[in-house]
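> model the structure of this input:
(chains A, B, C, D, E and F)
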Number of protein chains: 6
Amino acid sequence: MILRIDRLQTEMPPPSDPDPAGAARVQELMGGRFGEMSTLMNYTFQSFNFRNRQGARPFYDLIANIAAEEYGHIELVATAINTMLTGATPPADGKPPSDSMTQLKDQAINPHHFLAGGQGALPQDSRGNPWTGDYVFSSGDLVEDLTHNFFLETGARNNKLKVYQMCDHPAARALTGYLLVRGGVHQVAYARAVELLTGADLTKLFPAPRIPTDKIPECQPHIAKGLHTKLYRFSPNDYKEIVAVFKGPHPETGEPLEVVDEAPEGFAPHDLPSQPAVFAPDYAPEEIKEIAQTLRKKAGLPDEPLGVVASSPGNGGGLADKVIDKIT
Amino acid sequence: MILRIDRLQTEMPPPSDPDPAGAARVQELMGGRFGEMSTLMNYTFQSFNFRNRQGARPFYDLIANIAAEEYGHIELVATAINTMLTGATPPADGKPPSDSMTQLKDQAINPHHFLAGGQGALPQDSRGNPWTGDYVFSSGDLVEDLTHNFFLETGARNNKLKVYQMCDHPAARALTGYLLVRGGVHQVAYARAVELLTGADLTKLFPAPRIPTDKIPECQPHIAKGLHTKLYRFSPNDYKEIVAVFKGPHPETGEPLEVVDEAPEGFAPHDLPSQPAVFAPDYAPEEIKEIAQTLRKKAGLPDEPLGVVASSPGNGGGLADKVIDKIT
Amino acid sequence: MILRIDRLQTEMPPPSDPDPAGAARVQELMGGRFGEMSTLMNYTFQSFNFRNRQGARPFYDLIANIAAEEYGHIELVATAINTMLTGATPPADGKPPSDSMTQLKDQAINPHHFLAGGQGALPQDSRGNPWTGDYVFSSGDLVEDLTHNFFLETGARNNKLKVYQMCDHPAARALTGYLLVRGGVHQVAYARAVELLTGADLTKLFPAPRIPTDKIPECQPHIAKGLHTKLYRFSPNDYKEIVAVFKGPHPETGEPLEVVDEAPEGFAPHDLPSQPAVFAPDYAPEEIKEIAQTLRKKAGLPDEPLGVVASSPGNGGGLADKVIDKIT
Amino acid sequence: MILRIDRLQTEMPPPSDPDPAGAARVQELMGGRFGEMSTLMNYTFQSFNFRNRQGARPFYDLIANIAAEEYGHIELVATAINTMLTGATPPADGKPPSDSMTQLKDQAINPHHFLAGGQGALPQDSRGNPWTGDYVFSSGDLVEDLTHNFFLETGARNNKLKVYQMCDHPAARALTGYLLVRGGVHQVAYARAVELLTGADLTKLFPAPRIPTDKIPECQPHIAKGLHTKLYRFSPNDYKEIVAVFKGPHPETGEPLEVVDEAPEGFAPHDLPSQPAVFAPDYAPEEIKEIAQTLRKKAGLPDEPLGVVASSPGNGGGLADKVIDKIT
Amino acid sequence: MILRIDRLQTEMPPPSDPDPAGAARVQELMGGRFGEMSTLMNYTFQSFNFRNRQGARPFYDLIANIAAEEYGHIELVATAINTMLTGATPPADGKPPSDSMTQLKDQAINPHHFLAGGQGALPQDSRGNPWTGDYVFSSGDLVEDLTHNFFLETGARNNKLKVYQMCDHPAARALTGYLLVRGGVHQVAYARAVELLTGADLTKLFPAPRIPTDKIPECQPHIAKGLHTKLYRFSPNDYKEIVAVFKGPHPETGEPLEVVDEAPEGFAPHDLPSQPAVFAPDYAPEEIKEIAQTLRKKAGLPDEPLGVVASSPGNGGGLADKVIDKIT
Amino acid sequence: MILRIDRLQTEMPPPSDPDPAGAARVQELMGGRFGEMSTLMNYTFQSFNFRNRQGARPFYDLIANIAAEEYGHIELVATAINTMLTGATPPADGKPPSDSMTQLKDQAINPHHFLAGGQGALPQDSRGNPWTGDYVFSSGDLVEDLTHNFFLETGARNNKLKVYQMCDHPAARALTGYLLVRGGVHQVAYARAVELLTGADLTKLFPAPRIPTDKIPECQPHIAKGLHTKLYRFSPNDYKEIVAVFKGPHPETGEPLEVVDEAPEGFAPHDLPSQPAVFAPDYAPEEIKEIAQTLRKKAGLPDEPLGVVASSPGNGGGLADKVIDKIT
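Residues are numbered from 1 along each chain as shown, chains lettered A, B, ... in the order given. The predicted structure is shown next:
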């Protein structure tokens, strides 16, 4: 089971200019065959299905623990997409009332971002096709699963590099810069595990694909902090035997690999503003806010929400007023 | 992000007689439209996409926190399936060497449990069709999402009842008994949230479907412990505002709903034995064990694994010997 | 738009011995590529998309009118499946309370008939795969669409013959006997239309596949009534120009083709009994009946329902009592 | 079974400026999870699978009758799409002969509208993904099915509102204006049915989503005619017991709900012109017209087609001549 | 089994201006229901599954031999797509280093061409949906399979005509010009086979769709060479009995159909240049070239590669240097 | 392009006892993610999309050439399935006429083998789900594609081992025995290619999965002939540079790898008998035979068919007579 922490693994920028076409492309990192849904669910199912755990504990711990980190990755991809979609439905721009989305009609968007959702991330890829359970590989054979995972991370890295090149929105760049570094750690971890079990040296393949990570500007701050050599332990008390596998020199830099015995502190997320044109969280969000405040008071909660956010938008009320005006 | 705990939310029985046909049916609770993958991912995406969180904090916390519990539910479904599959490939039964699975050929199994996996759970439904991202509904409209979630839990309850009736394996019964109770709590939570926002009284529908939960033997111990009225907070420090929503009388019993300000303690999982006939974790698991032990010693770990399990099988070595004998 | 008539195009037998495995096979005629969903939706979309209708009115009328008949065919397939599923969950058979479906666990059923539905028909094929919009062909090119339709009916006939051979349940035989005759009429109609437009003589292919329809016992009564030569007009006032196409000799028998200027009278459906084990329409259907009666009285309706059925089961109340007893 | 009437449930505008990108978006209302294919097929299958109809006749009649209305809705969506696509392949614009679609290559179209079809509607959603039978929910449990249907209509309403905002083509606006009003009636009907069976008051949710329908200009004429309070009976003689459920005050306006004991009169469709560039109905439609006329005369039909249309285009012959000229 | 020849069935132009949007449309001819994957796999499976081959040898040979030609067709479609994609990632255009694909973000591309692939063809259609095995029809009934194949070729021809009209890139035009002629031969072949078996005269349908092939400029050179009347035998020694079916007059021109007793000589493909921005075949292709040269020398191969290409680009090394410069 | 040879790469047994359930399982090797459709199409698309071929000729030749061998593998899988299905519809067994398939209704078959096909192989997996183009990986990055291919062959080997264990029909065993050996060669080839490009030693993983191939009885004859060390060149004149990669010692045995400069001679296939109950190739195959003979004579062909088969069944005529008798 899990405990959830309302923080992001890396710092993400606040909304700036919307980029709905870019958001449609970034979806590949969410719901593509090599997206973060795939890494999350592959490692999750492999850990669920792991037999004779006591006999192979370090390997079980490795897969189970990386699975835990991946949950934070789908959260980051969603954050990037939501940030890029914010503001794509301008609340008041001189157009006639009912046309709050007409400017989007001819764009290379994922229409579900607007028609089927509230300008929010989807479990789909860049084509708009849903993620499917058939992307999960869980053979039960430990060496084979680890080999698969190394290959999966390689494909994921390729996709991240491409999305980096295509999408220059700050949120997309912050996302891919971080994921490239962390995915690299997972590649190393699985390669090392295969090596320890079989002697096969996959580390000669690094970096794979062979774009040097340290030349990508958005990766450099993370590398400067050593994030390319650290494996965090995402658990209060479990998965401690990862130290038996994640060790030795980093294949590219030679620096020693290091297990950090706790999760990273993380960063508070930005509170993304309401988008009343798509009814998220409502066409008139101030009403919900009002109800929520009443409930909070009845429950004896303080005036300020207990949840922490990096920045908080207005409640969008004025926005909503304008939209409803436009429709009327 | 999450922290992972290597314990199950409820106690599951150890392997007994294998039931591969039953395991194929239980998959509906994993990868069906109303399975636990769906509840997990619906609430996860809704929480990721939640806008103006500070303005509606209690509702955000509710959805985000229930999402966290659902991760433990897919873990339980996987555990049940894996338990039911254990032993389905008898290691030594007098058959000629190469026929370790011929007895399965004519059964109503999910062939992927054996041909594409290592007798392990799959993100598929009872038809063998994969779970798909198109099962996720995240409109961004808070009232609509909550209404959806209530309906989703209703469908989930229906499916759990049916699986309960069809599958009498102890693992399937333990699973459904627990999930019926916990899913009922989620139904109540979403109904209450809708009621608080709109005044619409969904609780008149309870129980939905209208089979009284307290008459199901495998639900009774959980009800006796009050699990039908408790919402756990699955986070070290977050989602504290769920108390503003999850309150008032239980719609069926009238007992007060209660927030438990921590996760349940959980139960150690059984360490399911190797199944060498399907190479899980290898055809000769003792070799992996030997390597693992060497690595553990090098890392200064104690002789006994740090991970805790409810019961530990033999390493399956003798089993593997027999299988390889059979093939030779 | 349509008017719906609560009658079946042919007489179907009442429930007898259940045949859930057979029902799973009959699904091919519902949701397969060549099933009745496909014929219905192909002709429906072709008629919606028909351009220059006035210029080609007889052909538009032909496709639109056959589409209307096909709605009655999906209704018949559903009726057959529902009939075959009736009784598959025996209400009281000495088994322990909670095992009302255990006997189904190992059978070659479509698990969704029980786990995801209430022993009811599904828009799926015999593999349990859903019907998909990609089965619809609507090129807009009249000759090409008609050629497609002829081929589609040929494939449909092949599937019907196979289901006939595999499933000997009276409902399956009544279904296929009727559909083979009516599908044959559609084959003839499309072949004639192609011939009139292009001169290409498709009628030399008859019967296609070349099993003589008149030798199939369940087809014979319909042939005796001349149903193999008649095209009904399924509309109060429209599609009258089908007479310009559906004419000339039947390719197999030489008898004159005939347009019947109204829909067939039809047959009242059997009122299939409740199946409380799968909560259809509820675990305790007598409650619903009671509410319904109250509502009917308030609305000034007579004691007897206005709807006509061929036979009416008990309300299943005693059945429900037994089931709830078993669970308790 | 059904009778088909060659009229539309509401008046639709004739073709004007083409809007192929808009047509691609409107597809969500056809083949999306919450599109009209879904409402049609959900209610159709629920009515086919309804057990113990006599015991619950008013509810059976309600679902069956609404299913009938939905057929007219997929017809309207198709009409809107076809209207928006008309003229998207300009027949003669000075471009070199073979380039009749090059201008479409870079647009945000659904390529199947042109490459796989004849500028005609598709059973696909706004992503170009096909409608699937897995969108159908038919649990057999009456309360659960009705709850589902209420939620389905809510999702459908959300999508219609979004399509309304994105697509300002007159056909899209006429479509969504009408469907919003009629879908609202179905929401009310299912909410009332749930209330009568269980006492749960869903009407507090209205309007859901909470955009006031009466402020949308294209809805107002229909509201003025009272279409928001009327349920038509779409059958010559059946489904008369809907009066026992569809009654009481409208949840928003308090006006009394009313059953109209017949179908609406409807409106003649426009006869959309040939699009010879996509061979619909042929590259040289005048030939088909000529053959059709000959056949009509042979059949003794009058010179004017018996079918009635709102307006009739030329046969496109001159158009075709130009296209064939261009290719040569 | 097969022998593969490294030549194309027709001459294809070298890369010119890139056309990624066009490449996305051409995918319909690869992975659409009527694309070349479908013709290849339909005839391949029909030939694999052909029973009583000796009894119907000429028909077996016909299907098996056309299947062989179709392999060359998927190769041609891939070649066209790859050619159109070449250059779509400009290596050095003054943009900042990391933006080598930003210009593509807003275009109507198939994002998988860049994000999931290396500017290479995909087994997908123009919507980005994958080809599926459900497009294969193999009933085993010879007459039915042949009827299907005739219809399949008709649909394929329709799609080719549409792609021809939409895509004016030289590679798309060369592709469709050739495929229209060759597909026409297959239509004739299957029509003749049906005629010989049943007497049904499908040739009256020609051309179908009825755009005269000989008026399409890109078809004319192939027609001038008589390619519209010739069926090649794609085998060293087998499938010789096609002569018993492919004979008689061509239905449009009356010219005699002719079997050519060998495969066409074919044309050397262009060696498409590296696209280092998408790492195809690497970010620094000169390294691979260097390794390859070393290996070739060790193996005693001559300095010049043994494979023959129509034209060879530079190795893209300078290109790669620029890209890596940009990233750094 | 290709030349097709009407011979199988290995000798397959004639039909014996039918095994339709086994045939359904063997489908995994055809249409599963790791089936032969996948290996065929992955390498085919990678070769189509290979850029800068002259610069990396040995690697291009390797992938293109293995792709050619894989075509023969899908042929073998189809042959095994067809063989196992032969006789599953007994022509005359005392049952009443119309029940030729009732015995199959309750079995764990793939219903499409009978309902949608003529007892023939399908492009589906063991679940009955179709092969999809999304199984193809073609990143364009040479090292990544080769790494993928190694992993793909590993997964394929796992599946073959499992099918071997589950299916003891002689055709299934002959199939898997051969494919295991040949797939092993491809694993070695891709591992060697990766090693030569990067130095990463994947051969330490052999065998992967680690079941020793030489202990499987059905593999031994092929190993005795050295088929585990040989790569055939499947081309008249191309792909000669594979010698630069496929060399050095076999990772398991140390024997030298060897390129055979031609295709294997192959084996004539058995001519599988008609199955008139499923109309393959017709309900009365003798008629087709008669027509074929007439056509052959007209074409001047000899009395004996030019095609060579291992054994030829009767034409099934008597069989057909019995079937038609039964229906009448």
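> when you work out contacts or count neighbours from here on, use the C-alpha atoms and nothing else.
Will do.
> show me where chain A has strands.
A:2-4, A:230-232, A:258-260 (DSSP state E).
> mind giving me TSV with those and columns for mean neighbour count and distance to chain E?
Output for the strands of chain A, formatted as TSV (neighbours: other CA atoms under 10 Å in any protein chain shown; distance: least, CA to the nearest CA, whole Å):
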stretch	mean neighbour count	distance to chain E
strand A:2-4	25	31
strand A:230-232	22	24
strand A:258-260	17	27
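> out of those strands, which gets nearest to B:W131?
The closest of these to B:W131 is strand A:2-4. By CA to CA, the value is 21.5 Å.
> how many other residues sit next to A:D303?
A:D303: 9 surrounding residues under other CA atoms under 10 Å in any protein chain shown.
> my bad, should have said A:Q107
Burial measure for A:Q107: 18 neighbouring residues, criterion other CA under 10 Å.
> would you confirm that it contacts E:D106?
Yes. Using CA atoms under 8 Å, A:Q107 is in contact with E:D106, at 7.1 Å.
> and A:N65, how far is that from D:S311?
In this view, A:N65 and D:S311 are 68 Å apart by CA to CA, to the nearest Å.
> and the stretch 201-328 of chain A, which residues reach chain E?
Contact residues, the stretch 201-328 of chain A versus chain E (CA under 8 Å from any CA of the partner chain): A:P209, A:R210, A:I211, A:K215, A:I216, A:P217.
> return the member of those nearest to B:T132.
Closest to B:T132, out of all of these and judged by CA to CA, is A:P209, at 28.9 Å.
> contacting residues around that closest one?
A:T154, A:R157, A:N158, E:F279, E:D282, F:D141, F:V143, F:E144 (CA atoms under 8 Å, 6 or more residues apart in numbering or on different chains).
> try 7 Å this time
When contacts are counted by CA atoms under 7 Å, 6 or more residues apart in numbering or on different chains, A:P209 touches A:T154, A:N158, F:E144.
> what sits closest to the second one if chain neighbours are left out?
Yep, that's A:N158 we're talking about. A:P209 (6.2 Å; CA to CA, 6 or more residues apart in numbering or on different chains).
> just A:A88 next, same as before
That would be A:P18: by CA to CA, 6+ apart, it lies 5.2 Å from A:A88.
> picking up where we left off before, is it possible to mark the buried ones in the residues of the stretch 201-328 of chain A next to chain E?
The neighbour-count test (16 or more other CA atoms under 10 Å in any protein chain shown) applied to those identifies A:P209, A:R210, A:I211, A:I216 as buried.
> with those in mind, which one is nearest to chain B?
Nearest to chain B out of these is A:I216 (CA to the nearest CA; 25.2 Å).
> up against chain B, what does the stretch 201-328 of chain A have?
A:234-236, A:238, A:240, A:243-244, A:271-274, A:279-282, A:288-289, A:291-292, A:295-296, A:299, A:305-307, A:315 (CA under 7 Å from any CA of the partner chain).
> weed out the non-buried ones from those residues.
A:234-236, A:238, A:240, A:243-244, A:271-274, A:279-282, A:288-289, A:291-292, A:295-296, A:305-307, A:315.
> stretch A:205-212: end-to-end distance?
Across stretch A:205-212, first to last residue, CA to CA, it's 12 Å.
> need the contact list for A:T198.
A:T198 touches F:K204, F:L205, counting by CA under 7 Å, 6+ apart.
> could you check how many residues crowd around the residue lying closest to A:M1 once chain neighbours are set aside?
Take A:M1 and drop its neighbours on the chain: the residue closest to it by CA to CA, 6+ apart is B:G72, 4.2 Å away. When neighbours are counted by other CA under 10 Å, B:G72 registers 23.
> could you do A:P20 as well?
By other CA under 10 Å, 29 other residues sit near A:P20.
> show the pLDDT at it.
Here the pLDDT value assigned to A:P20 is 98.
> ok, the residue of the stretch 101-250 of chain A found nearest chain E to chain D distance?
Residue nearest to chain E within the stretch 101-250 of chain A: A:M166 (4.3 Å; CA to the nearest CA). Per CA to the nearest CA, to the nearest Å, A:M166 is found 18 Å from chain D.
> quick one: residues contacting A:R33.
A:R33 touches A:Y135, counting by CA under 7 Å, 6+ apart.
> phi, psi of it?
phi -60, psi -30 (degrees, to the nearest 10).
> look at it and report its pLDDT.
For A:R33, pLDDT reads 98.
> any idea how far it is from D:E70?
Counting by CA to CA, the gap from A:R33 to D:E70 is 37 Å.
> go on, A:D99?
From A:D99 over to D:E70 the distance is 27 Å, taken as CA to CA.
> what of A:K225?
Taken as CA to CA, the span from A:K225 to D:E70 is 60 Å.
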